[in-house]
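A.B. asks: here is my input; please provide its structure:
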Amino acid sequence: MISIADLPPKPVWRQLFKTVEGRILLLGIVIALSGLIAMGLVAFWSPQTSRMMGAMSFADLMFGSIVSMSIGYAGGYGYTFVVPVVMWVESVMVLLFYPVFVFSVRKLVEFPRLKRLIERTQAAAERHHGRVRRYGVVGLFIFVWFPFWMTGPVVGSAIGYLLGLPAWVTLTVVLAGTFVAMVGWAFLLFSLYTRAAVFAPWAPILIIGLIILVILAIYLLDRRKHKRW
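C.D. replies: Got it, this is the predicted structure:
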């Protein structure tokens, strides 16, 4: 998330908040704070549930929604809990990142602490831009169905900008595609973890480990391939 230190001086960001992207950023901040407040309130009644929300949020940020949902299911929670938590995290990431990305690409403001992340996301978006552009909005909708880090809604929102789509069209398509995909993945993973738990108590943990290893392997291979270029 964006810290106060990352924001430009007041006269600048006041003007930025009057733009469409600025309003999107404000919406993202409100939704993020609302979720954090809810997490804090839940801690009064169920500290374990609050910790699970935090663990899932961290896992989503680091590895993607598949790992996040897997952790929730492995912890014994159902999709009525897991899906809303993941949807909240994904929504916050998109609503916060998209305007920051646009501001940075347009050279309106710099976010030094986020520079590497923005550059890597832009590089990933440019790599996938051609394939998505061929199918337009439909291609963007399908792209975000892959819920792994650097292939999902955050990169999808950057691609939407590079395609020249209006901000609200980009966000509507990206979040709609993400939510639809999330429900499908949620039921698939829930079935997998239910069966795994019957097989052995340690099986869900093993699945999480294997998923993380696969994601890291894909990321490292992709990074090595593009370094050669």
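A.B. asks: compute the distance between Leu140 and Met39, please.
C.D. replies: 31 Å (Cβ to Cβ, to the nearest Å). Every residue, glycine included, has its C-beta placed from N, CA and C.
A.B. asks: what about the two, which has more around it?
C.D. replies: Leu140 (24 against 18; other Cβ atoms under 10 Å).
A.B. asks: quick one, what contacts that one?
C.D. replies: Listed by Cβ atoms under 8 Å, 6 or more residues apart in numbering, the contact set of Leu140 reads Val132, Gly156, Ile159, Gly160, Leu163, Leu165, Thr170, Val173, Val174, Gly177.
A.B. asks: got it, and Val144?
C.D. replies: Gly152, Pro153, Gly156, Val174, Gly177, Thr178, Ala181.
A.B. asks: which ones are touching Ile142?
C.D. replies: Shown in contact with Ile142 (Cβ under 8 Å, 6+ apart): Tyr135, Gly177.
A.B. asks: then Gly139?
C.D. replies: Here Gly139 is in contact with Arg131, Val132, Arg133 (criterion: Cβ under 8 Å, 6+ apart).
A.B. asks: wait, Leu114 sits on Val100?
C.D. replies: Yes. Leu114 is within contact range of Val100, at 6.4 Å (criterion: Cβ atoms under 8 Å).
A.B. asks: quick one: which of the two has more around it?
C.D. replies: For Leu114 versus Val100, neighbours defined as other Cβ under 10 Å are more numerous around Val100 (22 against 17).
A.B. asks: where's that one, which helix or strand?
C.D. replies: Val100 belongs to helix 79-105 when elements are defined using DSSP states H and E.
A.B. asks: and that helix, what does it pack against?
C.D. replies: helix 20-45, helix 47-63, helix 65-74, helix 115-143, helix 153-162, helix 167-199 (3 or more Cβ pairs under 8 Å, 6 or more residues apart in numbering; DSSP states H and E).
A.B. asks: what number of residues lie near Val20?
C.D. replies: Neighbours around Val20, by other Cβ under 10 Å: 12.
A.B. asks: which residue, other than its chain neighbours, is closest to it?
C.D. replies: Distance criterion Cβ to Cβ, 6 or more residues apart in numbering; nearest residue to Val20, sequence neighbours excluded, is Ala167 at 4.9 Å.
A.B. asks: list the contacts for that neighbour?
C.D. replies: By Cβ under 8 Å, 6+ apart, the residues touching Ala167 are Val20, Glu21, Ile24, Tyr98, Val102, Tyr161.
A.B. asks: thought the fifth one was touching Gly164?
C.D. replies: It refers to Val102. No. Checked against Cβ under 8 Å, the pair Val102 and Gly164 is beyond contact range at 11.9 Å.
A.B. asks: tell me which of those two has more neighbours.
C.D. replies: Comparing Val102 with Gly164 by other Cβ under 10 Å, the one with more neighbours is Val102, at 22 against 8.
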